[in-house]
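Novice: below: sequence and its predicted model.
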Amino acid sequence: MANSVNNGKPPLELSLREFAKEAKHLMWTRTPNVADILQQAGRKDGALSPDSVWLLSWWIKREMAHQMMDNTHTQASLASYDAVIWYFNCPLLWGIRRDQIQQLYDDCLQQSKLHAEVGARTGFFLKNLQSTSELQEITLLAKNPTCLDVCEENLHMSLNSKFKIERQVMDVLKSPPPELHGKFDSVGCNYFLHCLHGGRKIILLAVKHCAALLKPETGTFHNRMALSLLVKYTV
Ligand SMILES: C[S@@+](CC[C@H](N)C(=O)[O-])C[C@H]1O[C@@H](n2cnc3c(N)ncnc32)[C@H](O)[C@@H]1O
């Protein structure tokens, strides 16, 4: 998440130690056993019977495969995205709390008037924005127009048309259209850079294009530590 203002709060950067602490949860997610994870979660709550573990596990595995194979993002695949990614993978596989990501969005957009969201899928965190006193306009940018349709509709429904929603098909590996250069107070590219295949050069090119969207005089990147580690471990 990049933002041109600091909100008078400490920058949203992670130290190497903090990042390592967060990232160690990610190691065991490479070979997930969905049924085991559901069973553990079910035991904690006492809520899941063996039958429902089996059924949920079958559905989640099918939908995960669907999300990974489906480069075209149809309405159907986008309908299950939030459930699989944000309600299952995020807390139970990756050990990441949704409310922490939401907090990043709420904090970074606090003093932003114009926000751009690159690689918007369903707009999950934008849908749930809390205090956004200054925000006037959100521009959705993605390669796939179906994502933009779904995201725009989601935002209109959940934000009650509080903000103007603009949209534009954009490939982040190409330079943004001239009218978007230096336009935005903040740019979000949540859970996005890892989707770009081709290693360090490709990620840095995408970051350069995202940075070009920010107002030049005030633009700064938060979380440079995480970005440098992502670049290191993606090559
Ligand atoms: C994992 S999803 C992003 C998740 C989303 N930001 C969220 O917070 O839920 C990746 C998105 O990036 C889009 N995408 C992939 N490659 C892209 C590219 N080169 N340029 C722009 N968008 C791209 C995909 O269509 C997809 O919507």
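Specialist: Thanks, I have it. Residues are numbered from 1 along each chain as shown.
Novice: excluding its backbone neighbours, what's nearest the residue in the chain that the ligand sits nearest to?
Specialist: Closest approach of the chain to the ligand (CB to the nearest ligand atom) occurs at residue 119, with a separation of 3.0 Å. For the C-beta atoms, the positions are set from N, CA and C on the backbone; glycine is no exception. Setting aside the residues directly before and after it, residue 119 is nearest to residue 192 in space (CB to CB, 6 or more residues apart in numbering), at 3.5 Å.
Novice: give me the number of residues near that neighbour?
Specialist: 17 (other CB atoms under 10 Å).
Novice: next one: residue 104
Specialist: 17.
Novice: show the average pLDDT along the host helix or strand of it.
Specialist: Remark: residue 104 resides in helix 98-108, with elements defined by DSSP states H and E. When the per-residue pLDDT values of helix 98-108 are averaged, the result is 87.
Novice: also stretch 167-184?
Specialist: Mean pLDDT, stretch 167-184: 95.
Novice: for the ligand, what are the nearby residues on this structure?
Specialist: For the chain, the residues in contact with the ligand (CB under 6 Å from any ligand atom) are 73, 119-122, 124-125, 142-144, 147, 170-173, 190-192, 195.
Novice: show me the shaky parts of the protein.
Specialist: Scanning the chain with the threshold set as pLDDT under 70 gives 1-34, 37, 39-54, 64-77, 131-132, 218-235.
Novice: what segments of it are helices?
Specialist: Counting by DSSP state H, the chain forms helices over residues 16-23, 34-45, 50-69, 75-81, 98-108, 124-127, 145-158, 200-213, 224-234, given from the N-terminal end onward.
Novice: is it correct that residue 186 is in contact with residue 118?
Specialist: No - Residue 186 is beyond contact range of residue 118, at 11.1 Å (criterion: CB atoms under 8 Å).
Novice: the more surrounded of those two?
Specialist: Higher neighbour count among residue 186 and residue 118: residue 186, with 27 against 23, using other CB under 10 Å.
Novice: so what's that one bridging to?
Specialist: For residue 186, the residues forming beta bridges with it (DSSP bridges) are residue 3, residue 115.
Novice: domains of this structure?
Specialist: 12-93, 98-234 (automatic domain parsing).
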